Structure formats: structure tokens, C-alpha cells
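A.B. asks: Build me a model:
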Amino acid sequence: MPNTDVLRICDITDIEEMLLQAQLRWVDHVARMPDIRMPKQVFYGELEAGRRLTGGPVKRYKNSLKTNLKACGITQ
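C.D. replies: Presented below is the predicted three-dimensional model:
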């Protein structure tokens, strides 16, 4: 029996959906914070100087968030 059937029968969400819900809930919480709060400043901030390592680009939290928002059909 596939895991999807077991989860449906037990009425349990899969781990990917739980992580997506937690990510969206946290981003909503940060977005509603006052601008003076450190988590909001870090989340919306950009580096003024610096270099990335050579090789392929490192996937950042914001990149995965954009991918998840697009997959859920949420536009900015």
C-alpha cells in the first residue's frame, strides 16, 4: 500500500506539506513585524558587498520560498 493511501486513510498530512505550512506561517509572521525588528531587517536585507563562492549558486531561503509560493499559486 503506498504511503499516500496510508496518509489519506489516517487523515494525516505529509511532511512536505507540514514544512510548507510552517514556512508560510513564519514568513507571514515576519512580514507583519514592525520594521525595527531584527528578523524583518535580516529577511528583507541585502548585502552591500561580498562575493559568492565559485561554482554553482548556493540556494538561499528566499529562493526556496519563491519556488514554494509559485507552486502554491501565490503571487507577490
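A.B. asks: quick one: average confidence on whatever helix or strand L24 lives in?
C.D. replies: Assigned by DSSP states H and E, L24 falls within helix 15-31. The average pLDDT for helix 15-31 rounds to 90.
A.B. asks: counting contacts, what elements does that helix pack onto?
C.D. replies: Packing partners of helix 15-31 (3 or more C-beta pairs under 8 Å, 6 or more residues apart in numbering; DSSP states H and E): helix 38-44, helix 61-72. In this view, the C-beta of every residue, glycine as well, is placed from N, C-alpha and C.
A.B. asks: From the contact counts, what lies against the shortest one?
C.D. replies: In terms of contacts (3+ C-beta pairs under 8 Å, 6+ apart), helix 38-44 is packed against helix 15-31.
A.B. asks: can you rerun that using 10 Å?
C.D. replies: Contacts defined by 3 or more C-beta pairs under 10 Å, 6 or more residues apart in numbering; DSSP states H and E place helix 38-44 against helix 15-31, helix 61-72.
A.B. asks: Can you list the buried residues in that helix?
C.D. replies: K40, F43 (16 or more other C-beta atoms under 10 Å).
A.B. asks: could you give the mean pLDDT of that helix?
C.D. replies: 90.
A.B. asks: Next up, the contacts around the closest residue to S64 other than its chain neighbours.
C.D. replies: Counting by C-beta to C-beta, 6 or more residues apart in numbering, Q23 is the residue found nearest to S64 once chain neighbours are left out, at 7.9 Å. Q23 sits next to Y61, S64, L65, N68, L69 when contact means C-beta atoms under 10 Å, 6 or more residues apart in numbering.
A.B. asks: If any of these are buried, put those into a PyMOL selection.
C.D. replies: To isolate the buried members of the contacts of Q23 in PyMOL, using 16+ other C-beta under 10 Å:
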select buried, resi 68+69
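A.B. asks: The contacts of Q23 into CSV, with extra columns for distance to P2 and pLDDT?
C.D. replies: Shown next, in CSV, are the contacts of Q23 (distance: C-beta to C-beta, whole Å; pLDDT from 0 to 100):
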residue, distance to P2, pLDDT
Y61, 31, 86
S64, 26, 88
L65, 29, 89
N68, 24, 88
L69, 28, 89
